[in-house]
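J.: 3D model of this:
(2 chains)
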Amino acid sequence: MTEVSASSHPLYPVQGAGLARYRSQLTTLGVFVFLGLLPWLPILGWTDIFDSGNNFGRGNLAFVFAWATAGVGFNLLVGYSGTLGLAVAGLFAIGAYGTAILSAPSGLREALVGYDWPFFVALPVVCVAAAIIGVAIGFPAARLKGFFLAIATLALGELIVKIISLDDKVWSGLKTNGGTGKQVPQFAIPGLDRVLSYYVLSLGALFVVMVAYTVLTNRRMGRTLKAVRDIDIATGPIGISSTYYKLVAFGLSAFSAALGGAMWAQNTSFAQPATFKTGMLVFLLVVLIAGGVSHKWGPLIGALFFVFMRQHLQDTRKLLFLILGISLILSILILPSGIAALPERLRDSRWVKDLQRRLQMLTDFSS
Amino acid sequence: MSISTPVGTVAVDTASVLQIDDLHVAFGGNQVLQGIDLQFVPGFNGLIGPNGAGKTTVFNVVSGYVRRNEGTIRLQGEDLSGLSRTQRVKAGIGRTFQSPRLILDATVMENTLLGRHHLFRWGHFAELLFWPPQIREETEARRICMSMLDRFGLAEVAHEEAGALSLGSQKLVEVARALVADPTVVLLDEPAAGLGADDVTVLLRGLREIVAESDLCVVIIEHDLQLVTSLCPKISVLHFGEIISEGSPEHVTTDPVVIEAYLGHGFEAEEGGEIHEVESPLSEHHHIDHVEEEGDLTEVWTEDDDPEQEELS
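T.: Numbering: from 1, shown residues only, chains lettered A, B, ... in the order given. Got it, this is the predicted structure:
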């Protein structure tokens, strides 16, 4: 039955010839090379956009990359597999605390005591551990749907933060230093100053996660996750276990959330349980939804938007929440596919097509 | 041939690929299937019956959506009970749904490739590393899918989004997706419902080609009696959870029991299959009143009032 006849039809979508074939890959590479060189291009003053008078523009861009790293996995979970798992803030905390505790020297001060692991050993261990915890969270949650799933995972995420904040009172085995907060030992790349070092580190993390997740979502994994999202109950007779793939999505999103959290902690140099409450989840939702769900560049654009807003509204925190809330509602109402999809929306809009037609008429008329 | 089971020796019809014995299914107190026996052989098999007869339930039990209360289902002699839905796919059961279940923002090719998902040997990690055997495997799968799409006249639109296709083409994509999985038995739930005449022609030509080339067993639930009788050498009629008639199209369409099940009392078949109403005291029966109210005879069995189909159709 599966006899293969020679077919004249192309097996893969036709993507143009020569370099145009690799347009998407080249764009990605170009963006990352540009971002990598950004700190050394002071004449353009790019980083000043993220500077609100404290000369921390590069540091804020490093925050952008950390948020975007977590957002990429969140996007995979929500945008591709359609599973609204909201434990992401807790997993973000695991990344921050995990690297802090494992890489801290085994000194005496309680705020900085740890296991003295090299940073680049601690980082993957923490991310893999977070992925395992993510799968464990997904297990009970994979049987639920919609709001029930969201609430269950929200509670499990809060539970992680609760365990961190109560550790010194109950067990002290995790060395989280309880609600007071933990100092994060900072890893410096030799030859670079402190802020620049986080900048490069966070950008590297974003690059790795984004390339890996884009490769996966463009191939079999992507279509399988979409099948779980769109045909859910009917995936069984196709031979796809939707529970298995929901767990894979949970694991992958937890991995990137922890990586983002680790980068975030490197930059703040201090982690406190109160930071990882529901407020952080809202920030990540802003990153995801304002940026663009199931769009490759969504998390990065969303993170740029969020950090920019936060930087310029940081003195009035209440106003920040108000504006972020409004922007979340507006983006769901007006731009459900986020800022990242704006060019496509404009290209397809009647208004722009009409404008193009009129301009064409005008140029025809004048010539 | 006979095989031994814990409850004794059971005769197995060697010609039948899918054998259902004494299948009971109940939803709460509602007996949906009341001990049916069905044998499906290579080639086309028809499963017809009025709405609510339990046809889709048979498919749901075979593909693992609904638990059976009693009975056995054997695929080539192997008991399917205890297997999950995905394991049944690996065992060789494929199916489609009444309304197409496709990813609307993925291409037709990607949707079809989903059918081969369980046949991929290399995992996602190999995919991430651009492992050459994995890429070859993907290309090979695409080639098989493309030749299948070609059979159903969909090769031209293979790289277009499935959401842009008409309902008819979407149903064809779903049939193609079920067939690329190399099934032994494929269960088609109303494949021709909502299809235009052209699409039906393409569907039937494609199915006939495949059945002629292989010993695939196709089971079709279909309300279009003409289609079923022209396609299937053997038809089973299900009514209120029981098999009321079984056999060749001629036998089934002239069987008084079947006519009564579809149209109520007071109808009989003439020589040549034409059905007419007979004058009898029974025509006062409420079945007939219902038919007259509807005005159109076909209306009685094309309206969809099967409650359990709501979720899974």
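J.: burial of the residue of chain B found nearest chain A, as a residue count?
T.: Nearest residue of chain B to chain A, counting by Cβ to the nearest Cβ: B:R85, 2.9 Å away. Every residue, glycine included, has its C-beta placed from N, CA and C. Residues near B:R85, counting by other Cβ atoms under 10 Å in any protein chain shown, number 21.
J.: list the contacts of it.
T.: A:236-237, B:63-65 (Cβ atoms under 8 Å, 6 or more residues apart in numbering or on different chains).
J.: please apply the same query to B:T139.
T.: Listed by Cβ under 8 Å, 6+ apart, the contact partners of B:T139 are A:L11.
J.: ok so, going back, which pLDDT does the model give the residue of chain B closest to chain A?
T.: pLDDT, B:R85: 88.
J.: do the same with A:P190
T.: 84.
J.: and the gap between it and A:S197?
T.: Distance of A:P190 to A:S197, given as Cβ to Cβ, to the nearest Å: 9 Å.
J.: neighbour-wise, which of those two wins?
T.: A:S197 (19 against 5).
J.: helix, strand or coil for A:V293?
T.: coil (DSSP: H, G, I helix; E, B strand; the rest coil).
J.: my read is that it contacts A:N75, right?
T.: Yes. At 6.6 Å, A:V293 counts as touching A:N75 under the criterion of Cβ atoms under 8 Å.
J.: quick check: neighbours shared by the two?
T.: Taking Cβ under 8 Å, 6+ apart as the contact criterion, no residue touches both A:V293 and A:N75.
J.: looking at the two, which is more packed in?
T.: A:N75 (28 against 23).
J.: show me the contacts for that one.
T.: Counted by Cβ under 8 Å, 6+ apart, A:N75 has contacts A:213, A:288, A:293-295, A:298-299.
J.: list the residues that contact the closest residue to A:G302 other than its chain neighbours.
T.: Nearest non-adjacent residue to A:G302, counting by Cβ to Cβ, 6 or more residues apart in numbering or on different chains: A:G291, 2.2 Å away. Residues counted as contacts of A:G291 (Cβ under 8 Å, 6+ apart) are A:71, A:297-303, A:305, A:338-340.
J.: repeat that for A:T217.
T.: Here A:T217 is in contact with A:76, A:80, A:225, A:296 (criterion: Cβ under 8 Å, 6+ apart).
J.: format those residues as CSV; extra columns: neighbour count, pLDDT and distance to B:N51.
T.: Shown next, in CSV, are the contacts of A:T217 (neighbours: other Cβ atoms under 10 Å in any protein chain shown; pLDDT from 0 to 100; distance: Cβ to Cβ, whole Å):
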residue, neighbour count, pLDDT, distance to B:N51
A:L76, 28, 93, 42
A:Y80, 25, 90, 37
A:L225, 28, 92, 36
A:K296, 19, 88, 46
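J.: the helix of greatest length in chain B: which residues count as buried?
T.: In chain B, assigned by DSSP state H, the helix with the most residues is helix B:132-151. Neighbour counts over helix B:132-151 (16 or more other Cβ atoms under 10 Å in any protein chain shown) mark B:134, B:137-138, B:141-151 as buried.
J.: kindly export that helix (C-alpha atoms) in CSV.
T.: C-alpha atoms of helix B:132-151 as CSV (Å, rounded to 0.1, in the frame of the first residue of the first chain):
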residue,chain,number,x,y,z
PRO,B,132,21.2,12.3,8.8
PRO,B,133,19.3,9.0,9.2
GLN,B,134,16.5,10.9,10.8
ILE,B,135,16.4,13.4,7.9
ARG,B,136,16.3,10.5,5.4
GLU,B,137,13.5,9.0,7.4
GLU,B,138,11.5,12.2,7.3
THR,B,139,12.1,12.5,3.5
GLU,B,140,10.9,8.9,3.0
ALA,B,141,7.8,9.6,5.1
ARG,B,142,7.1,12.7,3.0
ARG,B,143,7.5,10.7,-0.2
ILE,B,144,4.9,8.1,1.0
CYS,B,145,2.6,10.8,2.2
MET,B,146,2.9,12.7,-1.2
SER,B,147,2.1,9.6,-3.2
MET,B,148,-1.0,9.0,-0.9
LEU,B,149,-2.0,12.7,-1.4
ASP,B,150,-1.5,12.2,-5.1
ARG,B,151,-4.1,9.4,-5.1
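J.: immediately after that helix, which helix or strand?
T.: helix B:167-179 (DSSP states H and E).
J.: and that next one, how far from the chain's centre?
T.: Offset of helix B:167-179 from its chain centre (Cα atoms, centre = their mean, to the nearest Å): 13 Å.
J.: now do it: which elements does it pack against?
T.: If contacts are counted by 3 or more Cβ pairs under 8 Å, 6 or more residues apart in numbering or on different chains; DSSP states H and E, helix B:167-179 sits against strand B:93-95, helix B:108-113, helix B:132-151, strand B:185-189, helix B:197-213.
J.: strand partners of the helix or strand hosting B:V237, parallel vs antiparallel please.
T.: B:V237 belongs to strand B:234-239 when elements are defined using DSSP H and E. Strand B:234-239 sits in its sheet next to strand B:43-48 (parallel), strand B:242-247 (antiparallel), going by DSSP bridges.
J.: residues in contact with the next helix or strand after the last one?
T.: With elements assigned by DSSP H and E, the helix or strand that comes after strand B:242-247 is helix B:249-254. With Cβ under 8 Å, 6+ apart as the contact definition, helix B:249-254 has outside contacts at B:46, B:48, B:225, B:228-230, B:232-233, B:235, B:237, B:245-246, B:258, B:269, B:273.
J.: what does the stretch 201-350 of chain A put close to chain B?
T.: A:212, A:215-216, A:219-221, A:223-224, A:226-227, A:229-231, A:233-234, A:236-241, A:248 (Cβ under 8 Å from any Cβ of the partner chain).
J.: so which of these sit within helices?
T.: A:212, A:215-216, A:220-221, A:223-224, A:226-227, A:229-230, A:248.
J.: neighbour-wise, which one of these leads?
T.: A:T224 (29 neighbours).
J.: so that one touches B:R116, yeah?
T.: No. In this structure, A:T224 is not within contact of B:R116 by Cβ under 8 Å, at 11.2 Å.
J.: quick revisit: now, among the contacts of A:T217, which is nearest to B:I20?
T.: A:L225 (34.6 Å; Cβ to Cβ).
J.: gap between that closest one and B:V258?
T.: 46 Å.
J.: now do A:L149
T.: 47 Å.
J.: and A:I164, by the same measure?
T.: Taken as Cβ to Cβ, the span from A:I164 to B:V258 is 69 Å.
J.: of the two, who's got more company?
T.: Per other Cβ under 10 Å, whichever of A:I164 and B:V258 has more neighbours is A:I164, with 25 against 21.
J.: pLDDT value on the more buried one, please?
T.: Value for A:I164, per-residue pLDDT: 88.
J.: which strands and helices lie in contact with the helix or strand hosting A:V33?
T.: Assigned by DSSP H and E, A:V33 belongs to helix A:23-37. Contact here means 3+ Cβ pairs under 8 Å, 6+ apart; on that basis helix A:23-37 packs against helix A:194-218.
J.: list the buried ones in the helix it packs on?
T.: A:195-207, A:209-217.
J.: need the contact list for residue 57.
T.: Picking chain A for this. Each residue near A:G57 by Cβ under 8 Å, 6+ apart is listed here: A:47-51.
J.: hmm, I had chain B in mind actually
T.: Contacts of B:T57 (Cβ under 8 Å, 6+ apart): B:25, B:32-33, B:66, B:308.
J.: can you count the residues close to the residue in the stretch 201-350 of chain A positioned nearest to chain B?
T.: Using Cβ to the nearest Cβ, the closest approach of the stretch 201-350 of chain A to chain B is made by A:G236 at 2.9 Å. Residues near A:G236, counting by other Cβ under 10 Å, number 22.
J.: how close does the closest residue to it other than its chain neighbours get to B:G194?
T.: Using Cβ to Cβ, 6+ apart and skipping the chain neighbours, the partner closest in space to A:G236 is B:R85 (2.9 Å). Relative to B:G194, B:R85 is positioned 25 Å away (criterion: Cβ to Cβ).
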